[in-house]
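A.B. asks: Provided below are the primary sequence and the corresponding predicted coordinates.
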Amino acid sequence: MKYWKKFGRKEALYSLTGPLFFYLPIAFIIGYIFWPYFYYIKNEHFIVIGLFATWRYGWMLINYIRSIIYQKFRYPKLFKKAQDTWNSKQKPDHIYFIIPTYKEKAWITYEMLQKLLSAISGLSSQIKTTLVIESGSEKEDKLISHIIKAHPASKNIELILQRQQFGKRMAMGFALRAIARKYFSKGEDYNSVTFFMDGDTAISKNAVKDVLAFFMAFPKLAAITTNEVAYIASKSKWYRDWFNMKFGQRHIIFCSHSLSKRVLTLTGRFSAFRTCAIIDREFIESLENDYIFHPFWGKFKFLMGDDKTTWYQILKRKWDMLYLPNIICYSLESRGGNFLSVSIKLLLRWYGNTLRNTNRALKLGPHNVGGPFIWLAILDQKLSMWTALVGPLSVLFLSLKIDPVFFPIYIAWILIVRTIQLSIIAIGGHLVNIRTLPLMLYNQWIGALIKIWVNFHLAEQYWAKEGKQQKISPKPRPRLVRFLPNFAMIVSIIIFIWFILASEKILAWPDKDAIKVLRYRKLYAENYGVSPKNKDNAKILNKMIQNASAYTEIILPPGTIRIQEPITIDKPIKLTGKSKSETTIQADETFKGDALIKIAGKHQNTKVKLKKN
């Protein structure tokens, strides 16, 4: 390849040696130095960290195990069946490509088309191909036409050029309508496939053939997405390594999800759909004009996120989806500028697209999304914005308030866990280096903060290209609700921080008894027969206490209340007088016992609070 070098698993494993020999020694040195001090810290401070860590790392471990099962056992069988089917059955008559490209650099367009045409040329001559390319200018049209006509595969290809005048979504909708007309005019072909490709994507030589084989082999399969590797034409090493890390983590998660015959994204880079599943009116209209309702923002349209719209439509129709880990597409990134600025803009866009779909996907229920695992995976997209911050915030507060030794121990833990994650990414065939670990922390912590902001500002959408950024904000709302998104976000953050502080005993929880005492149930003893005229009221009072629930106030009548045996209190009970008149409890001359009132408890840690007058 002219513009990138294809790395395999050996190169990825070799790239792991640097992080292993750099981070693990640091972790063990820190642990060795600080462990004696850490031993004396109360473990109760780690209860909350442990609970959230159990969820985060437990969920991560489950995904790793499922990923291994899919890659080593499930997928080889699926791939073999697909190849056998390709060799034994009749091929589809017609396939389609929808390729939106908007003012891409010439070398990117050239690489994209060359790789695509090379993949198409490997198919049978009986398979007709239609390319619907949505460009941004006449200059692009000429370049595209010239590249295609010059290629030997052009004889079997029909080219349709459309102009993106009303945005990417509308252009893709127009393309689908054109494909629908051709599909029905030629007669329905169940194995016909439509590929969605971005204009900055290059595919591997066998990608088209192998994808078609899967659709032929599995009739319930409606959508496929593939593995991604990034080629970054940028001077920023951080930007390049960030994408490598992102695609490495994506590979693991998608393998795990595919074990349930679902994925959480049908990426716009390169995805394929069974044509008959995406050419109905509802699907096309949702792609052109997708929107949701929100209590703060009302009804608003999606600017980007067409891949999330197609995913949701396939998901709610209960079609199968798969991730093909051995089919590679190359992301040809040519973004420039400062890494922090570019990455934050991309995270705003990606998280916005995700969270705008999360709530409506959850409403479908576990049964309709492929089972409880996939439903929990969708739910975790919302929970992760909070759970990702529990560890660092807890350790920060504990280090400042309790003991600074919490901080180095946490650093050692991070280095060990993240190095294990780096190893798993490298085993999956994606490059890592020393910068990958801090980028993982950046993605977790800064990404969580960005996701929190996006979650409360879903209608504000961002799109950036060639250094230019567009921002779509909602229409003006009534003044009364304009402040609600920021107010709700601030309140949520305060509650979250307070919960961590209280759980780590840096702040005290509200006194449970103090809250419950405000709602004591009142019982008037005279209604049950307690009276100064009785010689013995003890049996009545003890029976009342026995039958009463906790946090009950027993109000005694005024006068002298005589008893012949002790009153036993074994639960939170208040004994009070009815009015300002004096109420006295007095032992009768026949009293048996050594105390008027006995406080009893069933447990060693029973506490009795005496109220001062």
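C.D. replies: Received the coordinates, thanks.
A.B. asks: Tell me who's in contact with residue 243.
C.D. replies: Shown in contact with residue 243 (C-beta atoms under 8 Å, 6 or more residues apart in numbering): 230, 232, 331, 333. (C-beta placed from N, C-alpha, C; glycine too.)
A.B. asks: Let me know how buried the second one is, in neighbour terms.
C.D. replies: Pointing back at residue 232 there. Counted with other C-beta atoms under 10 Å, the neighbours of residue 232 add up to 19.
A.B. asks: Output the contacts of residue 243 as CSV; include the columns secondary structure and pLDDT.
C.D. replies: Below are the contacts of residue 243 laid out as CSV (DSSP: H, G, I helix; E, B strand; the rest coil; pLDDT from 0 to 100):
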residue, secondary structure, pLDDT
230, strand, 81
232, strand, 77
331, strand, 87
333, strand, 74
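A.B. asks: between these, which has the most around it?
C.D. replies: The contacts of residue 243, ranked by neighbours (other C-beta under 10 Å): first place residue 230, 21 neighbours.
A.B. asks: Can you tell me the closest non-neighbouring residue to it?
C.D. replies: Among residues not flanking residue 230 along the chain, residue 243 sits closest, at 3.7 Å (C-beta to C-beta, 6 or more residues apart in numbering).
A.B. asks: Over to residue 276?
C.D. replies: In space, and not counting its chain neighbours, residue 276 is closest to residue 190: 6.2 Å by C-beta to C-beta, 6+ apart.
A.B. asks: which SS state does that neighbour fall under?
C.D. replies: Classification of residue 190 by DSSP: H, G, I helix; E, B strand; the rest coil places it in coil.
A.B. asks: What distance do you get for it to residue 129?
C.D. replies: Look at residue 190 and residue 129: by C-beta to C-beta, to the nearest Å, they are 18 Å apart.
A.B. asks: Identify the residues contacting stretch 279-293?
C.D. replies: Contacts to stretch 279-293, defined as C-beta under 8 Å, 6+ apart, come from residues 169-170, 172-173, 176-177, 179-180, 183, 194, 277-278, 299-302, 305-306, 309-310, 312-313, 356, 359-360, 458.
A.B. asks: picking up where we left off before, in TSV, list the contacts of residue 243 along with distance to residue 86.
C.D. replies: Formatted as TSV, the contacts of residue 243 follow (distance: C-beta to C-beta, whole Å):
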residue	distance to residue 86
230	29
232	34
331	27
333	32
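A.B. asks: Next, give me the two most distant ones among those.
C.D. replies: 232 and 331 (8.3 Å; C-beta to C-beta).
A.B. asks: one step back: tell me which of residue 190 and residue 129 has more neighbours.
C.D. replies: With neighbours defined as other C-beta under 10 Å, residue 190 and residue 129 compare such that residue 129 has more, 21 against 12.
A.B. asks: what's the distance between the more buried one and residue 122?
C.D. replies: Counting by C-beta to C-beta, the separation of residue 129 from residue 122 is 12 Å.
A.B. asks: Spell out the residue ranges of the helices in the stretch 51-200 of the chain.
C.D. replies: Here the stretch 51-200 of the chain has its helices, by DSSP state H, counting those that start in this stretch, at 75-88, 106-121, 138-149, 168-185.
A.B. asks: Just tell me which of those helices ends up closest to residue 217.
C.D. replies: helix 75-88 (3.9 Å).
A.B. asks: wait, isn't residue 411 in contact with residue 30?
C.D. replies: Yes - using C-beta atoms under 8 Å, residue 411 is in contact with residue 30, at 6.1 Å.
A.B. asks: which of those two has more neighbours?
C.D. replies: Taking neighbours as other C-beta under 10 Å, residue 411 and residue 30 compare with residue 30 leading, 19 against 16.
A.B. asks: could you list every residue that touches the more buried one?
C.D. replies: Residues near residue 30 by C-beta under 8 Å, 6+ apart: 408-409, 411-412, 415.
A.B. asks: Okay, and which of those map to helices?
C.D. replies: Mapping the contacts of residue 30 onto helices (DSSP state H) picks out 408-409, 411-412, 415.
A.B. asks: Pull out the buried members of these.
C.D. replies: Among the ones in helices among the contacts of residue 30, the ones that count as buried by 16 or more other C-beta atoms under 10 Å are 408-409, 411-412, 415.
A.B. asks: do you know how far residue 178 is from residue 286?
C.D. replies: Distance, residue 178 to residue 286, using C-beta to C-beta: 18 Å.
A.B. asks: distance between the lengthiest helix in the chain and the chain's centre?
C.D. replies: Longest helix of the chain, by residue count under DSSP H: helix 372-401. Relative to its chain's centre, helix 372-401 lies at 10 Å (C-alpha atoms, centre = their mean, to the nearest Å).
A.B. asks: what comes up buried for it?
C.D. replies: 373-375, 377-378, 380-381, 384-391, 393-395, 397-399.
A.B. asks: Over to stretch 223-238?
C.D. replies: 223-232, 234, 236, 238.
A.B. asks: Under the pLDDT cut-off, which ranges of the stretch 451-600 of the chain? List them.
C.D. replies: For the stretch 451-600 of the chain, applying pLDDT under 70 flags the ranges 462-481, 505, 507-520, 579-581.
A.B. asks: where along the stretch 301-450 of the chain do the helices fall?
C.D. replies: Under DSSP H, counting those that start in this stretch, the stretch 301-450 of the chain gives helices at 306-316, 339-362, 372-401, 406-427, 436-441, 447-455.
A.B. asks: Nearest to residue 574, out of those?
C.D. replies: helix 372-401 (36.2 Å).
A.B. asks: tilt between that closest one and helix 447-455?
C.D. replies: Here helix 372-401 points in a direction 120 degrees away from that of helix 447-455 (axes from the mean of the first three to the mean of the last three C-alpha atoms, to 10 degrees).
A.B. asks: Could I get the average pLDDT for helix 372-401?
C.D. replies: If you average the pLDDT over helix 372-401, you get 90.
A.B. asks: and that helix, what does it pack onto?
C.D. replies: Counting contacts by 3 or more C-beta pairs under 8 Å, 6 or more residues apart in numbering; DSSP states H and E, helix 372-401 packs against helix 47-69, helix 339-362, helix 406-427, helix 447-455, helix 484-503.
A.B. asks: Redo those as a markdown table? Include distance to residue 565.
C.D. replies: Listed next are the helices and strands packed on helix 372-401 as a markdown table, based on distance: least, C-beta to C-beta, whole Å:
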| stretch | distance to residue 565 |
| --- | --- |
| helix 47-69 | 44 |
| helix 339-362 | 60 |
| helix 406-427 | 55 |
| helix 447-455 | 62 |
| helix 484-503 | 44 |
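A.B. asks: Of those helices, which is nearest residue 158?
C.D. replies: Minimum separation from residue 158 across the helices and strands packed on helix 372-401 (C-beta to C-beta) falls at helix 339-362, 31.7 Å.
A.B. asks: Just the CA atoms of the closest one, as CSV, please.
C.D. replies: C-alpha atoms of helix 339-362 as CSV (Å, rounded to 0.1, in the frame of the first residue of the first chain):
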residue,chain,number,x,y,z
PHE,A,339,-5.1,17.1,19.3
LEU,A,340,-7.2,18.3,22.3
SER,A,341,-9.4,20.5,20.2
VAL,A,342,-10.0,18.0,17.5
SER,A,343,-10.6,15.0,19.8
ILE,A,344,-13.1,17.0,22.0
LYS,A,345,-15.1,18.0,18.9
LEU,A,346,-15.2,14.4,17.7
LEU,A,347,-16.2,13.2,21.2
LEU,A,348,-19.0,15.7,21.3
ARG,A,349,-20.2,14.4,18.0
TRP,A,350,-19.9,10.7,18.7
TYR,A,351,-21.4,10.8,22.2
GLY,A,352,-24.2,12.9,21.0
ASN,A,353,-25.1,10.5,18.3
THR,A,354,-24.9,7.6,20.8
LEU,A,355,-27.0,9.2,23.6
ARG,A,356,-29.7,10.4,21.3
ASN,A,357,-30.4,6.8,20.4
THR,A,358,-29.9,5.2,23.8
ASN,A,359,-33.2,6.0,25.5
ARG,A,360,-35.3,4.9,22.6
ALA,A,361,-33.3,1.7,22.2
LEU,A,362,-33.7,0.9,25.9
